[in-house]
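Asks: based on what follows, work out the 3D shape:
(chains A and B)
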Protein chains: 2
Amino acid sequence: MFDLISLKNSLQNVEGFYFDGVNVGLRDDKEQGDVAFIRSDTPCEVSAVFTTNRFRAAPIKHFLNYKKGFKSDFLLINAKNANAMTGKRGVKDIEEILSKIPIKVTNPLMSSTGVIGVPLDKEKIISAFDKFDFDARDAKKTARSIMTTDSFEKEIAFRVELSDGSFFNIAAIAKGAGMINPAMATMLCFIITDANIPKEDMDELLKEAVDESFNNISVDGDTSTNDSVMLFANHKKSAYDKNAFSFALKEITKELSMMILKDGEGSNKVVAFEIKGAKSKEDAKKASKALSNSLLVKTALFGEDPNWGRIASTIGASGIECDEEKLKIFYDELLIYSKDYPTLDPKRELEATKIMKKDSFKIVCDLSIGSASHVSYGCDLSYEYVKINADYRT
Amino acid sequence: MFDLISLKNSLQNVEGFYFDGVNVGLRDDKEQGDVAFIRSDTPCEVSAVFTTNRFRAAPIKHFLNYKKGFKSDFLLINAKNANAMTGKRGVKDIEEILSKIPIKVTNPLMSSTGVIGVPLDKEKIISAFDKFDFDARDAKKTARSIMTTDSFEKEIAFRVELSDGSFFNIAAIAKGAGMINPAMATMLCFIITDANIPKEDMDELLKEAVDESFNNISVDGDTSTNDSVMLFANHKKSAYDKNAFSFALKEITKELSMMILKDGEGSNKVVAFEIKGAKSKEDAKKASKALSNSLLVKTALFGEDPNWGRIASTIGASGIECDEEKLKIFYDELLIYSKDYPTLDPKRELEATKIMKKDSFKIVCDLSIGSASHVSYGCDLSYEYVKINADYRT
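Replies: Model (predicted):
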């Protein structure tokens, strides 16, 4: 038994962590930071899940150069430049930048997001070290500094109270709004905790939580070179419970992934694509991810057109086992297709259009040929998405 | 040795075929037909390649109900309604409609394109039989009658002259502008020939030609329920040569697939994505199709932004074997990325932008780790695509 208590001010709640964000001119808007740090006053255990993209960015290569089980107390983050496809120089640049940190640090790390294929502006980034308040605890400033096309900062925190009265805290910030894809999103997510969690639990629970959250959302089906989720634990508290931690971590990653989807470039609504009655879990996943990635489905969502034909066609094209005679499609609770024909009368269509006007709803496809199910989350495709991505250099 | 001679007036050139298109009110614009036929005055051998979508439309089921090796002399085609996801009724409706053809026909066929999940308006379609001139030979009217979101009719014809002075004709019409995808497009293509081609060559050569053309283009990565390519041969001429026929057929399907791509919904340019130096043909195909389907690549094409980082990232995300140190990316002949860093100087970027302003160009990615290669074709993603697909009920 445990209580999960939602907290304001995200990162501030976790003991022993400090963080700040400043503008050094990577970003034009001087009101918003572009370089940030998160540090702990004692070295942390670190777990991470990285992009499946073969061309991993330099910060990920640099992370993986450390020996397995290394501890770290410092993470530097920059926006506007991904430091990806920058070859050996990319890693050297990181080493040089991190060597200039003016306080004592252990195994410092770096994380980057922005344009691919341009060397880091080392001087500007190093100039942040004069501007940082290394004892600051301003989560909002930090969260805003790591944004790219995001329209709002993404932060969250929980206190977990165990039945014996002890408690621990877990908090996170994230960025991401585009290139969000079922095999992990272009997103950075930094989670910190003061729980007394063993390293093996960190690895196991982080992987599980990422699979159920960031790996289940899609804005545009692209997987970036920089995707990273990191979990830092400084063990300041003696409290820990595996189930409670797992629950809190899943809540955090799910909430953040929903924030990313809501902030999906040019997106107006979040849709859950549930496949049930599938022959296998693999089939259910394949079909629900095909739906969340289909341009024709996404544009129909934008047009608020209850065009279930596109849903059916996408399932049929996904290569899974399915049967036209057994398929049922629902918008929320409304049955909109089954073999008992015709199902699309004007009244139903009107009801369906109402459902589609909501900020979020679900499309449920019951294949009725098995018992496996899966839910993926997606969003609509608007003019705005095209505008953002035609004009923005990622 | 043979000569391939490009002909005007497409279908008219093939002996023994008749075709017409009329408007029966399925489409609002009365100037454009919505029901068409193509018939031969002698029964034809028929080969076909159909969609890989599991939910095949009723006309495909109806076709497949005929015994293998059947001959046919009549094809009826309607626009605005796909007769897909219409269950057993869909096939019955076809049988009823075709039974009303007022002339003597052998194993008549039907083909449909349009909205999914709505029963055919049998009365309207049957009313076409009073309006058709069954001895007409108006290819343009026929080609225009099968269009959906197409902005122009797609037709082509060749005369093939063999070295002995004999010749045969081959001609085709097609429709398609959206849902065009690497595993066949939402497109209909009807090819007719008077060549004296054996049935086994028809099957073999049609499959080959479709693989190299329609299966290599992508507008939006969706595969429809109705995709069909049919080849009708009435053997009116005694002339035939396998190589010559294969060459002509490939020209026809390639040209038509390029027309479909140029007419891609809201698309402004056609881009060839060539992967070379890959470890395997499979890898080369996978990466080039990933490029032609990537939203981020497609929006960068629309924005005419020489953002090779998105190209690299998409290749890396495609799951193929590749090496950042060995990759080279070219826009036409212009080297824009290699490990010798930095390659993106302002002068090169300006040159690249010029290339991207062209109606068509190629992006070549040399993986330099093997000898396999593949080319896929794609187009940009514009505001117009979103508009068409948000508003149009497919």
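
Asks: give me the mean pLDDT for the helix ranked longest in chain A.
Replies: Using DSSP state H, we find that the single longest helix of chain A is helix A:242-262. For helix A:242-262, mean pLDDT is 93.

Asks: give me the pLDDT for the residue in the stretch 51-200 of chain A positioned nearest to chain B.
Replies: Nearest to chain B in the stretch 51-200 of chain A, going by Cβ to the nearest Cβ, is A:Ile116, at a distance of 2.6 Å. In this view, the C-beta of every residue, glycine as well, is placed from N, C-alpha and C. pLDDT for A:Ile116: 83.

Asks: what of A:Met179?
Replies: 47.

Asks: again, but for A:Ser267
Replies: A:Ser267 is given a pLDDT of 75.

Asks: need phi/psi at it.
Replies: Phi and psi for A:Ser267, reported as degrees, to the nearest 10, are phi -90, psi 140.

Asks: quick one: distance of the strand or helix carrying A:Glu200 to the chain centre.
Replies: For A:Glu200, the element it lies in under DSSP states H and E is helix A:199-212. Once both centres are worked out by Cα atoms, centre = their mean, to the nearest Å, helix A:199-212 turns out to sit 14 Å from its chain's centre.

Asks: can you give me the buried ones in it?
Replies: Buried residues in helix A:199-212, counted by 16 or more other Cβ atoms under 10 Å in any protein chain shown: A:201-202, A:205-206, A:209-210.

Asks: between the residues you listed, which is nearest chain B?
Replies: Comparing the buried residues of helix A:199-212 against chain B with Cβ to the nearest Cβ places A:Val210 closest, at 16.6 Å.

Asks: ok, back up a step: the residue of the stretch 51-200 of chain A closest to chain B touches B:Ile315, doesn't it?
Replies: No: the criterion here is Cβ atoms under 8 Å, and A:Ile116 misses it with B:Ile315 at 11.7 Å.

Asks: which of these two has more neighbours?
Replies: Higher neighbour count among A:Ile116 and B:Ile315: B:Ile315, with 29 against 26, using other Cβ atoms under 10 Å in any protein chain shown.

Asks: quickly find the element holding that one.
Replies: helix B:308-317.

Asks: for that helix, give the mean pLDDT please.
Replies: Helix B:308-317 carries an average pLDDT of 88.

Asks: contacts for whatever helix or strand comes next after it?
Replies: Using DSSP H and E, the helix or strand that follows helix B:308-317 in sequence is strand B:328-331. Here strand B:328-331 makes contact (Cβ atoms under 8 Å, 6 or more residues apart in numbering or on different chains) with B:306, B:308, B:311-312, B:335-338, B:352, B:355-356, B:361-366, B:368.

Asks: from these, which land in helices?
Replies: Short answer: the contacts of strand B:328-331 in helices (DSSP H) are B:308, B:311-312, B:352, B:355-356.

Asks: correct me, but A:Ser280 touches A:Ile369?
Replies: No: the criterion here is Cβ under 8 Å, and A:Ser280 misses it with A:Ile369 at 10.2 Å.

Asks: common neighbours of these two, please.
Replies: Joint contacts of A:Ser280 and A:Ile369 (Cβ under 8 Å, 6+ apart) do not exist.

Asks: okay, the closest residue to A:Met1 other than its chain neighbours: pLDDT?
Replies: The spatially closest residue to A:Met1, leaving aside those adjacent along the chain, is A:Ser163, at 4.5 Å (Cβ to Cβ, 6 or more residues apart in numbering or on different chains). With respect to pLDDT, A:Ser163 scores 94.

Asks: is it true that A:Ser163 touches A:Asn243?
Replies: No: A:Ser163 is beyond contact range of A:Asn243, at 11.4 Å (criterion: Cβ under 8 Å).

Asks: who are the packing partners of the helix holding A:Glu200?
Replies: strand A:35-50, strand A:228-233, helix A:242-262 (3 or more Cβ pairs under 8 Å, 6 or more residues apart in numbering or on different chains; DSSP states H and E).

Asks: and of those, who's closest to chain B?
Replies: Here strand A:35-50 is closest among the helices and strands packed on helix A:199-212 (Cβ to the nearest Cβ), at 12.4 Å.

Asks: the closest one versus helix A:199-212: what angle between them?
Replies: Here the directions of strand A:35-50 and helix A:199-212 differ by 90 degrees (axes from the mean of the first three to the mean of the last three Cα atoms, to 10 degrees).

Asks: and the next helix or strand past strand A:35-50?
Replies: Past strand A:35-50, the next helix or strand by DSSP H and E is helix A:58-65.

Asks: what residues does that next one touch?
Replies: Contact with helix A:58-65 is made by A:48, A:50-51, A:83-84, A:86, A:90-91, A:93-95, A:109-112, A:226, A:228, as judged by Cβ under 8 Å, 6+ apart.

Asks: pull out the buried residues from those residues.
Replies: The neighbour count (16+ other Cβ under 10 Å) marks A:48, A:50-51, A:83-84, A:86, A:90-91, A:93-94, A:109-112, A:226, A:228 as buried among those.

Asks: just to revisit the earlier point, so for the next helix-or-strand element following the longest helix of chain A, what's the average pLDDT?
Replies: Using DSSP H and E, the helix or strand that follows helix A:242-262 in sequence is strand A:270-278. In this model, strand A:270-278 has an average pLDDT of 94.

Asks: fine by me, thanks again.
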